[in-house]
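> Mind folding the following:
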Amino acid sequence: MTNQFWEKSIEINATLTNLLVNTVRSLFLYRSKLRKASGRVAPSRQTSPFIHQGWWLLRKRLLPLLCLISFVTVLLINSFAPSFAQLPPQPRQEIRGVWLSGNDFNVFRNRSKVQAAMSQLRQLNFNTVYPVVWNDGYTHYPSAIMQKKGIPFFFKGTDGQDVIADIISQARREGLLAIPWFEFGFMVPLSSELASQHPDWLTQKPDGTQTSISAAGEVAWLNPFHPEVQKFITELVMEVITQYDADGVQFDDHMSLPVDFGYDKYTISLYTQETGNPPPPNPQAQAWIKWRADKITAFMVDLHQTVKARKPNAIFSVSPNYYDFAYKLQLQDWLNWVRLGIVDELVMQVYRNDLESFIAQITRPEILETQKIIPTGIGIMAGLRNRPVSMPQIQSQVQAAQQRGLGSGFFYYESLWDIAPEPAAQRQSAFAALFPNPALRDISQNTPRKPTFDTISLPLYPKPSLGQRVRGYFLEIAIAGGQPRRILLDTGSAGLRVPKEFLGNAPIRKTGQNIKEVLSDGTILEGELVYANVRFGLLPAAEPVPVQVVTSRQCIAQKPNCSAKSGAPFSGIIGVNYFEKSLPYNPLRKLPGNLSNGFIVIGNGGSNNNGNLILGLTANNQAGFKMAPWSKQSEINGVPGNRWDSQLSKVCLTLAGSSAKNSCNGKMITDTGTINGLTEFKSASTAGKLKPGVLRSALKVAINSIFDYSLTPGTRDGFNRWNLSISPQAELPIFVNTGIAFFDKYDVLFDQVNGRQGFRSRR
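Sure thing, here's the model as predicted:
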């Protein structure tokens, strides 16, 4: 019976909702007709007495009906809906935008023309404007950042006003979103003051050429991999977001780099440092393309985090070229940006005269994928001064987009009707027919998105950014907007611990809590616990992660020769064990969506190749693993998810020369953070004739029906040195840490939801 009432309430609610929406829509249409009847074709801030009287009568007659509908709707919803039930989400509003370009500046310098333009766009049911704020090496708004550099500002209005402030103010007054547009991205004229001041910021082609030919003429390119360039662009973006409380920010196809650039000294050095080889002479080599595209993606992830930290509901908009062209020729991997959850709106530029070619572009698989996730529109050419576009062509393209559930963005404002082959009134009438109903947009509904990946693979590098460690798996991490650092992945501990210099300039939350961690080799790490944004490779954490900022390292008295004594710099540790004892906890718990449910470590077989960290367990990537259970532990306040004792029980150890001969009462962990394997006996009698120190005897570690690991230490099969210790203070009779060599022979799975560890033989 409850289900019947609920189904009936949905029917009633839907009917009432439709009635309410249609009534409100009728109000808007009637108001529009009243305006037209009064002769209000050109925008004006004055309203005739006829409109006032007609609108008053309409409100008087329909307001009681609206109130009744609202009351009954609320009553029915509260009467029939369970407390957890939600109405289905409404479809995304169609993007109807227009770029306000540098070509339009003469129009928008004048306040009355701005007012008229915004009013006209609203009457024609447009909903978004993209005013250019960064173009030709200059800002179109008064910028304190540019002022500090001594770069002049030329773009005041006719009354000395801030044109961008005026556009945003007038747009909001008319109910339009105003999303400032950073048109030039990393592109600048070679003759600009910025390029002259910072020649080290520019990148170049293999032959040393610093410019390329674009639609804007001959231009140079700021190096998107240079930290000072990234800082400069970020500061400009945040200045606009803060100064104008903008509805968002948009980047187009110039937030990229032509594929034949990247051969400057800085980039060559960075690539060589990270890969061990100089960049290939062929700029289209796939690995070289991917490395540069990934660097740009990493910057966009950090920029997105910075914008969202200031204004969470700001729209992060991108207007690129079609994907194959963007990625292969411009190093702009925008589809990955969408999948990573950092794009809130996409407007893909498709400037085609031929309708068949236009449709082929807007039905590409990446558009079909994107429009399921975020508001998606198509950039349509409305005309240029020397190349007008007919209204029938525009109409056919808009209709083709609408038929496929896509919005539209028009380049650029003046070409909508002021410089066009048809009279302005005819063009405006045609746009009114294309957009007969309002499609209001509201950024309050623009909530942060999660990546669409169920699983993702990140490389594990064989060497760190700092230090002289011989062997390990290192995950690239950027903390608080800092430069990416390769940090030791440690499956035997929990928590992210890094030196202070690894942190960038992004805001962090300090706790004032000093914490201490003692590593297995006797190193004491001390430092403050903070919370910071973290990016794992290209993947941002869903929220700030607890980090120990290590400011002091020393050895405990019992182990005076710990790693702190060596003087090697601390290269950081990311502990991903689920047996947390306190804060900080495993930072992988803060990954978004399915990616936080567990991970798989795939080693490199003892080679200098990269291994892999697979985040997010799925039915497919768990195939072939044999599972062993963990024991559940009591929860710790402040640590999300389940806590597990990841020491595996019933481990069988056979060690020649000891009394451990297929003894199956041991415990073990698999530990990427330990170079050497280890057996610890609580009693000397268990060790038999063996003495503490480096083990030479053959050994076997196994869990019945799960894995069987045998080796002879010292043969360097992978890296299999093994130590033996006897410690009466030990908690367990037999404890085994297989060390990193184990990962040369087995892929290892960590399932934090179900409390299991999986093993899959690689040989």
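
> would residue 742 count as being in a strand?
No: counting by DSSP: H, G, I helix; E, B strand; the rest coil, residue 742 falls outside a strand, being helix.

> wait, it sits on residue 670?
Yes: between residue 742 and residue 670 there is a contact at 5.5 Å, judged by Cβ atoms under 8 Å. The C-beta positions use only the backbone N, C-alpha and C, and glycine is treated the same way.

> List the residues that are in contact with both of these two.
Residues touching both residue 742 and residue 670 by Cβ atoms under 8 Å, 6 or more residues apart in numbering: residue 748.

> can you map out the helices along the stretch 551-700 of the chain?
Here the stretch 551-700 of the chain has its helices, by DSSP state H, counting those that start in this stretch, at 684-687.

> Okay, now the unreliable bits of it?
The model of the stretch 551-700 of the chain has no residue with pLDDT under 70.

> try it again with 80
606, 662 (pLDDT under 80).

> So which bits of stretch 540-559 are buried?
The neighbour-count check on stretch 540-559 (16 or more other Cβ atoms under 10 Å) flags 540-542, 544-550, 553, 555, 559 as buried.

> Just checking the distance from it to the centre of its chain.
Centroid separation between stretch 540-559 and its chain, computed with Cα atoms, centre = their mean, to the nearest Å, is 25 Å.

> Quick one: end-to-end distance for that stretch.
Chord length of stretch 540-559, first to last residue, is 38 Å (Cα to Cα, to the nearest Å).

> thought residue 420 was touching residue 428?
No: the pair residue 420 / residue 428 is not scored as a contact, 10.2 Å apart, by Cβ under 8 Å.

> Just say helix, strand or coil for residue 112.
The three-state label given to residue 112 by three-state DSSP is helix.

> thinking again about what came up before, and of the buried residues of stretch 540-559, the nearest to residue 516?
residue 548 (9.2 Å; Cβ to Cβ).

> In three-state terms, label that closest one for me.
strand.

> Now do it against residue 479, distance only.
Using Cβ to Cβ, to the nearest Å, residue 548 is found at 11 Å from residue 479.

> Quickly list what's touching both of these two.
In contact with both residue 548 and residue 479: 496, 498, using Cβ under 8 Å, 6+ apart.

> Model confidence for the residue nearest to residue 559 when sequence neighbours are not counted, exactly?
Distances taken as Cβ to Cβ, 6 or more residues apart in numbering place residue 522 nearest to residue 559, at 2.6 Å, with adjacent residues excluded. In this model, residue 522 is scored at 89, pLDDT.

> Buried ones in stretch 393-403, by neighbour count?
For stretch 393-403, by 16+ other Cβ under 10 Å, it's 393-394, 397-398, 400-401.

> Including secondary structure, could those go into JSON lines?
Listed next are those as JSON lines, based on three-state DSSP:
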{"residue": "393", "secondary structure": "helix"}
{"residue": "394", "secondary structure": "helix"}
{"residue": "397", "secondary structure": "helix"}
{"residue": "398", "secondary structure": "helix"}
{"residue": "400", "secondary structure": "helix"}
{"residue": "401", "secondary structure": "helix"}
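
> can I see the domain layout of the chain?
Here the domain assignment for the chain is 2-80, 96-445, 456-608, 644-761, based on automatic domain parsing.

> In terms of mean pLDDT, which of those ranks lowest?
Lowest mean pLDDT within the domains of the chain: domain 2-80, a mean of 37.

> How far away from the center of its chain is the host helix or strand of residue 232?
Per DSSP states H and E, residue 232 falls inside helix 227-244. Computed by Cα atoms, centre = their mean, the chain-centroid distance of helix 227-244 equals 18 Å.

> List the contacts of it.
133-134, 139, 141, 143-145, 164-165, 168, 178, 180, 182, 185-186, 198, 201, 222-224, 246, 249, 299, 302-303, 306-307, 310-311, 314, 481, 483, 505.

> Take those residues and keep only those in strands.
134, 139, 178, 182, 249 (DSSP state E).

> what number of residues lie near the fourth one?
Spelled out, it's residue 182. Applying other Cβ atoms under 10 Å, we find 22 residues neighbouring residue 182.

> Run through the residues that contact it.
Residue 182 neighbours (Cβ under 8 Å, 6+ apart): 133-134, 233, 236-237, 249-252, 255.

> Could you rerun that using 6 Å?
134, 251 (Cβ atoms under 6 Å, 6 or more residues apart in numbering).

> could you check the distance from it over to residue 127?
Distance from residue 182 to residue 127, by Cβ to Cβ: 21 Å.

> The second one too?
Remark: distance between residue 139 and residue 127 (Cβ to Cβ) = 26 Å.

> and of the buried residues of stretch 540-559, the nearest to residue 267?
Nearest to residue 267 among these, with distances taken as Cβ to Cβ, is residue 540, at 23.8 Å.

> Verify the stated contact: the closest one with residue 301.
Yes: counting by Cβ atoms under 6 Å, residue 301 is a contact partner of residue 540 at 5.3 Å.

> still on that earlier bit, buried ones from the contacts of helix 227-244, can you make that a ChimeraX selection?
A single ChimeraX command is used to select the members of those judged buried by 16+ other Cβ under 10 Å:
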select :133,134,139,141,143,164,168,178,180,182,185,186,198,201,222,223,224,246,249,299,302,303,306,307,311,314,481
